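1. sequence and predicted structure are below.
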Amino acid sequence: MNSVIYAGPPKNAQGERADKNFEILVPEEECRIVCGGKELTLSPGEAAAIPPLTRRAVTGKCLSLSLEKAILPFKEPTAVKDGGGGIAFAAREAEKYCPDGGGELAQALGGLVAAYITHFSGGRKFSPVVEQVLAEIDKNLSDPTFSLSDSIKKLPLNYDYVRKMFKKETGLTPREYLLKCRMELARGLIDSGMGNRYSRYTVSQIAEACGYAEPLYFTRVFTAYYGAPPSKFMNAARR
């Protein structure tokens, strides 16, 4: 389930798809997708989930992933934001290492894409200011220079008011939410066993992907959050 069975340019870009799997389209430039009476315009930093056996026309350069038996919350073509670039990253890795699918890496990458798509489709209904903070967090998840405080202070509202509103609507402070997202991303990368063809990712690489410039600090934060260091989870993922 969710395993990548194809990664590359869209097959039959102007017509019916024969497979019965979800297709994920990841633009490398602005793309236009027409599905029945619905039209989607995608830019880099977004992705689209196309349900099985959906006739669609694709114009523009993009990557297509076919996910075997994926369970995704869409009944019609849907665009989602690719917060942190995780979908695009996984799509490029799949095209590079498992274009025709198969194997543990194809399954790990497919699971990661499905998790990102589900997370960022969200169905979240918050006030506009909270949505804006959430969007900034999603966009800068992997940026170690991102200042959450500075981002909130740029809003035309009192900092404490925004913080209280965010916690009221999400149950977490902005900083707690950012930490939660980064730790879940780190755990997902570790559990997927992702890496290159020679080795799995190191703690330093995972720290960088999750917005931490210092691996030792990342390790301390991860250990405090999960009660065990990254190495313990990495060793478990190798078994």
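-> Yes, it's here.
2. list the residues that contact Ile50.
-> With contact taken as CB atoms under 8 Å, 6 or more residues apart in numbering, Ile50 is in contact with 17, 22-25, 33, 35, 56, 77. All C-beta spots, glycine's among them, are computed from the backbone N, C-alpha and C.
3. give me the nearest residue to it, chain neighbours excluded.
-> The spatial neighbour of Ile50 that comes closest, neighbours along the chain excluded (CB to CB, 6 or more residues apart in numbering), is Glu23 at 4.2 Å.
4. likewise for Ser64?
-> Of all residues apart from its sequence neighbours, Pro10 sits closest to Ser64 (CB to CB, 6+ apart), at 4.1 Å.
5. correct me, but the one you found touches Val58?
-> Yes. Distance between Pro10 and Val58: 4.9 Å, which falls inside the contact criterion (CB atoms under 8 Å).
6. for the helix or strand that the residue nearest to Ile50 is a member of, name the packing helices and strands.
-> Glu23 is part of strand 22-27, with elements assigned from DSSP states H and E. Strand 22-27 sits against strand 46-50, strand 62-67, helix 86-97, with contacts defined as 3 or more CB pairs under 8 Å, 6 or more residues apart in numbering; DSSP states H and E.
7. what's next to it, contact-wise?
-> Counting contacts by CB under 8 Å, 6+ apart, the residues outside strand 22-27 that touch it are 10, 17, 31, 33, 42-44, 46-52, 54, 58, 60-67, 70, 72, 74, 82, 87-88, 91, 113, 117.
8. among the contacts of Ile50, which one sits closest to Arg182?
-> Using CB to CB, Ile24 comes nearest to Arg182 of the contacts of Ile50, at 23.2 Å.
9. quick check: closest non-adjacent residue to that closest one.
-> Closest to Ile24 by CB to CB, 6+ apart is Leu65, at 4.3 Å.
10. that neighbour is in contact with Val113, isn't it?
-> Yes. When contacts are counted by CB under 8 Å, Leu65 is listed as touching Val113 (6.2 Å).
11. between those two, what contacts are shared?
-> Once CB under 8 Å, 6+ apart is applied, the residues that Leu65 and Val113 both contact turn out to be 4, 24, 91, 94.
12. could you say which helix or strand contains the spatially closest residue to Met234 that is not a sequence neighbour?
-> Spatial nearest neighbour of Met234, excluding adjacent residues (CB to CB, 6+ apart): Ile190 at 5.5 Å. Following DSSP H and E, the helix or strand that holds Ile190 is helix 174-192.
13. which parts of the chain are helices?
-> Taking DSSP state H to define them, one finds helices in the chain at 86-97, 103-121, 128-139, 148-153, 159-170, 174-192, 203-209, 215-226, 230-238.
14. so which elements touch the last one?
-> Counting contacts by 3+ CB pairs under 8 Å, 6+ apart, helix 230-238 is packed against helix 174-192, helix 203-209, helix 215-226.
15. export it to CSV, keeping only CA atoms.
-> Taking Å, rounded to 0.1, in the frame of the first residue of the first chain, the C-alpha atoms of helix 230-238 are listed here in CSV:
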residue,chain,number,x,y,z
PRO,A,230,17.6,9.6,17.1
SER,A,231,20.2,6.8,17.0
LYS,A,232,17.9,4.5,18.8
PHE,A,233,15.1,4.9,16.3
MET,A,234,17.6,4.7,13.4
ASN,A,235,18.9,1.4,14.7
ALA,A,236,15.4,0.1,14.9
ALA,A,237,14.6,1.2,11.4
ARG,A,238,17.7,-0.8,10.1
